[in-house]
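Colleague: sequence unavailable; structure follows:
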């Protein structure tokens, strides 16, 4: 145990040291002209103020849930939850901080060369990349080290605690599993707030700035005369950087702990008939000895530590590469991280008592992630047919363009879902549901490199904004635009990993929920692998179906509906905030005509504060739904209904997330394809139509899509934490 | 048996006699001026030609599938399938025929009074209403009467026929169940073709006419100068009338046969432990005697016969009512049909050997249908907040308007799904899964009245088109518009019934599939009520989970994706056909400027033929997906995977169908609200934005939404028919 934990801790520290170094490197760079520094200041202040406000808002919720956990379970559970929440907040904050430090220096570097600008921007991105990986691993190491007794093979067992005499609800759990679940729940909750708040912020500002700026006043993007310009740039940092960081931290942790939780339940029940098969699949035909236990428990941690170390090497490669083609350099870095992770995983499996099945699952996960990413790129990049055809359709007007864009999004679910299904079937055969969870962990293991690439894009984007606002020569903007575009392909692959790993991790979390909820409800562990709906009879062959009744079915229906309602609320948050902002921008132009003439400065602060308060107001309800639904359903309708809700939600969220992300992506790039001169180019009817499509697609792509992934994981992990409190059948029966 | 069949046959004949009378009544009415007759001729010829072409296209598929059924099973199965297909085609054709006969007479009547126009239009609608009910019941009566031995309690049993030595696939079935399933499959397949073909036709013509007419040439709707005007009117008849008729016939039959199939399996296995509970729920604690068998088997047929008779009374009431308020008259008619159906069902339950549980289930179904319809109305009518707010949002441009419209659609899934879930839980407790199927049958029982109301709208719409094109005084158009609007509220309730009953009927069909596929696979009938995924262990407690593996799970994922891909293909069919049509209209205006001056007649025929060939080309792939997917999945991946696909598809289709239907409805009515003078009225920026929303929403509402309901039922019923051929586990394992 000590060795494995030590390795993980070391990797965590090394990752954080790099993050600190890169941050320092970015901070001491030349920030350019006075005007550039002034603009950077605005953006930095706006983003910092928003994230502090956001943190205040969520702190109350986090405090309350923690206290609840303390009362209902033990103080250790609350502490684990808070560690997860705080580390998640820190990840978002660190990323945002580095990004807002790096933007002006990137602009300044771009005045000299693309190569230098890449170095600065990528360094800024790598702060969050390595920060996310280091914090996630570090937090988990702390939880396990602090409460190591609860994970010990000698003491790990099903504990019982009766509470409130809730009908049928003997509180049964493995305390260690509860602790890591609570840690994950804390991280997920913060991630939801960050993603939703940041996503609404960035898209509302973007939408409003475009509507009044581009469409009504006919001024270009990032024009300093537009009062919403700064808010738009703030949004890139709080949404695309801060939100993304917390999001991937959450996915990363979810993937790790779903393996750990499942494994603990397997270990406790390993001599039951169905479970012994599973244990054999990992290479233990005669059961797991206490001496082997730690190696299996900490296996996912070791795999992600290896992935993080590989990411660091890849980051160093990109950072110090002398290559002239940034696109190639980034892709090489990504491939390098993936290959190294694979090699390290192979070595880990060889050195530890498990067989090579976890390695094969990781491999399948990696392949599936790359495939889904490539497929997303096919549907959304204007290098390929779907988006090009969509550009052409825009000639027939915005109605046809938007309908066509939605159709591309719907169609784009086909191959990714088939890939997911095939990967699920394959990993299931290799390692059972635990194999599926290993695939998720593998997919996310080099999150350090993925996030570095993903968050370097917004830095370049911001740098371009500063170049335009500070009225630097146009070739600077061209360089930063080039850099921004370069990241797109690699970022698309990152998105594939996000969607694929979310599905797998959620499956793992739901399976863990079933094992703890249904297994403990029956006072025995499941003798067979329980899939949703297959749970009851597999647990107690004598139980009459009347016990379960229609609740799994009804839960599935309601669960499949939730992602739609959740998405609707997010879109409304964006459109309502944008609406207020549009009125404000129009007011400024009307009341002070000198703004449009460029003679007076627009009131940026007012736009920033309107956007911030709109985003903060809109982020509460989604969080309440995500946390409240599993609690309500579980407490009132019982464990089986909740199983249905989780699984229905997962099924529906996968499709809706891919549809929204790719519809938005295709409409965005259809516009760009027209802008580079096709079908009449900028200013044509087709272009006007495509701008409408872009506006519709923006909240779908950047607010709804990524939030759905978190929604489903947060619901699953909340269920996992509170599972033992829920009655078996509905309380009214 | 003879009595029940006789009653059903009598009702069927009476309904068809009314349809013939109403058709004759409409046909001999005054068709107005020469110009009106000419326009009517164009529409009639276009619609007839399209439906004949459509029939030719599908005949090949129907022939092939029938022959396949003949070879694989028995000639009787093929005959039942063909009867279903032919009766479904006839329903669509009769409805279209009556509607295209009634349009000009309605215009002519509207020159005198609203009351008279209502009478003519409603008579035209009632031809299809009563025709659908009469044909559906009549076809089923023929199948049962022709092959009555297969339904006899003395001979009904599980039959076995081995074929091709397919692994694990002993062909086990109840022949009677197979016959009615094949009948239903024939009707569903034709309905899918009619709905998809008609839906693409009507929306492509509508879109193209609007884009070039309203947006580019600034001429009003139905302007005779627009070359696509006639095609647009043809579309109303082949889509909104012909497609709707086949659709509801399909739903109606599906609801009836799902009860019958389930009951036959229950009867055969009634002494098995789980099933005896179910039988007791129907009032037979000690099992069903052969003398009671027929009454239960034919119970759904009696209920729908009662509903049809009630519908006829309601139709007579509306037709001969002297009431001045058409809105009130229609609503009274609908309530009358519902109440009478309830009363008759109560009497039927009292007179037959069952207890009152089927009656309660029918009641719950009726209440749920009304509730869902009312909820749809809330989200889509401009009398209520959501659509009014959406109108307001359009002031911020089309991007915000469309995004807002999509959000309304997503949000609108909330209450309807909760109602469905509650109704499922309730009917399940009353009568098990059979109770859920009874609810579907109850909901659809007065389909005669529902379809009469639904198809009277398009007749009034067409009459308005003729009034404009024949340049009659504007007050005629006002009267027909008023009539069209009147039907909307009642039609919204009809839509609620369509969605709710589709979900319930599909559940019933899937459950029937499970019973026949999984029950017979295990050579025993299910001892417990099998829900999807809960099937395997409930059937053979000794079966290891490895037998099923991840296939239910993987099937669920893939099934949930299908409705998205299917929808995408439909939207593409519409946008691509509209695209070609737009180019053609522009060409006509460009090459012959006299058309726009009103001095020369546009080339209507060319537009009609372009639309028709586009629709015919686009309807093949959706049908192939709907039929091919269950066959492919079943044959390659086995029965469990297919169960997952069906259930995942149902879950996903419910949400997507409600979302599409209500998003489209809200965007349509947001436009209308602006047109009656709000937020600047017609010609304002907000109006232009709302027109874009309407264009996006049209294919969602009228092509995608209704087709999804059929997709899921067709897939289920195809699975039900071919179930016995599928291997238990994947063929490659």
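Modeller: Good, I have the coordinates. Note that the coordinates shown come from a computational prediction; the quantities given were computed from them, not determined experimentally.

Colleague: can you list the residues of the stretch 151-300 of chain A near chain B?
Modeller: Contacts of the stretch 151-300 of chain A with chain B, taken as Cβ under 8 Å from any Cβ of the partner chain, map to A:207, A:211, A:215, A:274, A:277. Any C-beta I mention is one placed from the backbone N, CA and C, and that applies to glycine too.

Colleague: swap that for the stretch 301-450 of chain A, sorry
Modeller: Close to chain B, as judged by Cβ under 8 Å from any Cβ, the stretch 301-450 of chain A has residues A:393, A:396-400, A:402-404, A:406-411, A:413-414, A:417-418, A:420-422, A:424-425, A:428-429.

Colleague: now which of those would you call buried?
Modeller: With burial judged by 16 or more other Cβ atoms under 10 Å in any protein chain shown, the buried subset of those is A:393, A:396-400, A:402-404, A:406-411, A:413-414, A:417-418, A:420-422, A:424-425, A:428.

Colleague: do you know the pLDDT at residue A:361?
Modeller: pLDDT for residue A:361: 95.

Colleague: which residue, other than its chain neighbours, is closest to it?
Modeller: In this structure, residue A:361 finds its nearest non-sequential neighbour in residue A:438, 3.9 Å apart by Cβ to Cβ, 6 or more residues apart in numbering or on different chains.

Colleague: and residue A:185, by the same measure?
Modeller: Distances taken as Cβ to Cβ, 6+ apart put residue A:717 closest to residue A:185, at 4.6 Å, once the chain neighbours are dropped.

Colleague: ditto for residue A:129
Modeller: Nearest residue to residue A:129 in three dimensions, chain neighbours excluded: residue A:452, at 3.0 Å (Cβ to Cβ, 6+ apart).

Colleague: in this structure the one you found contacts residue A:125, no?
Modeller: Yes. Between residue A:452 and residue A:125 there is a contact at 4.7 Å, judged by Cβ atoms under 8 Å.

Colleague: report the separation between residue A:310 and chain B.
Modeller: Separation of residue A:310 from chain B (Cβ to the nearest Cβ, to the nearest Å): 29 Å.

Colleague: before we move on, back to that, need the three-state assignment for the residue nearest to residue A:129.
Modeller: helix (DSSP: H, G, I helix; E, B strand; the rest coil).

Colleague: and what about the most centrally placed residue in chain A, helix, strand or coil?
Modeller: Chain A has residue A:247 as the residue nearest its centroid, 3.0 Å off, counting by Cα atoms, centre = their mean. Following three-state DSSP, residue A:247 is assigned to helix.

Colleague: so who does it touch?
Modeller: Under the criterion of Cβ atoms under 8 Å, 6 or more residues apart in numbering or on different chains, the neighbours of residue A:247 are A:191, A:194-195, A:498, A:706, A:709-710.

Colleague: so where does residue A:159 fall, helix or strand?
Modeller: Residue A:159 is part of strand A:158-162 when elements are defined by DSSP states H and E.

Colleague: average pLDDT for that strand?
Modeller: Computed over strand A:158-162, the average pLDDT equals 65.

Colleague: try stretch A:300-309
Modeller: The average pLDDT within stretch A:300-309 is 95.

Colleague: poorly predicted segments of chain A, please.
Modeller: Applying pLDDT under 70 to chain A flags residues A:160-172, A:273-274, A:487-493, A:518-549.

Colleague: max-length helix in it?
Modeller: What stands out as the longest helix in chain A, according to DSSP state H, is helix A:620-675.

Colleague: check which residues of the helix or strand following that helix are buried.
Modeller: With elements assigned by DSSP H and E, the helix or strand that comes after helix A:620-675 is helix A:685-699. By neighbour count with 16+ other Cβ under 10 Å, helix A:685-699 contains the buried residues A:686-699.

Colleague: let's have those in CSV, adding distance to chain B.
Modeller: Formatted as CSV, those follow (distance: Cβ to the nearest Cβ, whole Å):
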residue, distance to chain B
A:686, 13
A:687, 14
A:688, 10
A:689, 9
A:690, 11
A:691, 7
A:692, 5
A:693, 8
A:694, 8
A:695, 3
A:696, 5
A:697, 9
A:698, 8
A:699, 6
